[in-house]
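# model the structure of this input:
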Amino acid sequence: MSKQNAARSRAERAAAELSALERQNRIRQITTVGSILAGLVLVVVVGYFLQSNRDLATKPTDPPAGATDTYALAVGDPDAPDTVVVYEDFLCPFCAELEGATRERLAELAAEGEVYVEYRPFQLLGIDYSMEAASAFGVVLDVSGPEVAKEFHDLLFENQPSEGGPYPDTDDLVAWAVEAGADEEQVRGPIEETAFRQWVINASDAASKAGINTTPTVLVNGEPLNNRQGIEEQAADLFAQIG
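Numbering: from 1, shown residues only. All right, here's what the predicted structure looks like:
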């Protein structure tokens, strides 16, 4: 082999070795980048699930303490001769009217042992405030008990906004809860987190399955009042049936 051919051969081998080395380096770089990206994805996924678990930990899946298994706040003796069930949405203006027309007399009859009342708030209207108010009601019922929850229930209707807004914010809900007798430190966090959202969803599903598609809907001893009447007529019909 001539010196020129030998030199050419050595140059070709060197070029081939260099090309192979460059390919190996590229493969290592791609592998390294892929490992880094996979690691980042793993960190993001793990972080997501950890945050999800923390969120779940702060949002109870059980109903509020003090609620009935029918998603209600109960007032009076369950063995009373008459039972009244009120399905309501805290944003429903007709619910507020009925509440104003029946609150005092129902409270008197319940205190006398003549009637057992279940208030069953749920979300009928697809507006955030409807959910937020019902969840806040669940928070107060859970933390402060039925008596304070009933006061809060009444304040929600007394301060009811227009269906078109503007709507109260969480500070308003907390302020009314405190006015009703709740401890701000206990209720602020859960109210801000809409902690009983799932309870409200379950209550709404139960109402739908029961055929409730309008509010207010009032049952007297299991039978619905004629909700095509005006509110004053409904209230008069209610008290005519329970004394």
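
# which regions of the chain lie under the pLDDT threshold?
1-61, 243 (pLDDT under 70).

# tell me how far the spatially most central residue of it lies from residue 130.
Central residue of the chain (CA atoms, centre = their mean): residue 197, 1.3 Å from the mean position. From residue 197 over to residue 130 the distance is 12 Å, taken as CB to CB, to the nearest Å. Just so you know, the C-beta spots here come from the backbone N, C-alpha and C atoms, and that holds for glycine as well.

# and what of residue 76?
From residue 76 over to residue 130 (counting by CB to CB), the distance is 26 Å.

# quick one: the strands in the chain?
73-75, 82-88, 115-121, 217-220, 223-224 (DSSP state E).

# among those, which comes closest to residue 184?
strand 73-75 (20.9 Å; CB to CB).

# and that closest one, what does it pack onto?
helix 93-111, strand 115-121, helix 146-158 (3 or more CB pairs under 8 Å, 6 or more residues apart in numbering; DSSP states H and E).

# now with 7 Å?
Under the contact criterion of 3 or more CB pairs under 7 Å, 6 or more residues apart in numbering; DSSP states H and E, strand 73-75 touches strand 115-121, helix 146-158.

# enumerate the positions of the last one that are buried.
Same thing as helix 146-158. 146, 148-157 (16 or more other CB atoms under 10 Å).

# distance to residue 119 for those residues - can I get that in JSON lines?
Output for those, formatted as JSON lines (distance: CB to CB, whole Å):
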{"residue": "146", "distance to residue 119": "10"}
{"residue": "148", "distance to residue 119": "14"}
{"residue": "149", "distance to residue 119": "9"}
{"residue": "150", "distance to residue 119": "8"}
{"residue": "151", "distance to residue 119": "12"}
{"residue": "152", "distance to residue 119": "11"}
{"residue": "153", "distance to residue 119": "6"}
{"residue": "154", "distance to residue 119": "10"}
{"residue": "155", "distance to residue 119": "13"}
{"residue": "156", "distance to residue 119": "11"}
{"residue": "157", "distance to residue 119": "10"}
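
# for residue 168, state which of the residues you listed is nearest.
residue 156 (8.8 Å).

# the protein: helices as residue ranges?
Taking DSSP state H as the criterion, the chain carries its helices at 3-58, 93-111, 128-144, 146-158, 170-180, 184-192, 197-209, 231-242.

# which of the buried residues of helix 146-158 lies closest to residue 109?
Nearest member of these to residue 109, counting by CB to CB, is residue 150, at 14.5 Å.

# I'd say that closest one and residue 73 touch.
Yes - at 6.3 Å, residue 150 and residue 73 qualify as touching, with contact defined as CB atoms under 7 Å.

# and residue 218, how far is that from residue 189?
34 Å.
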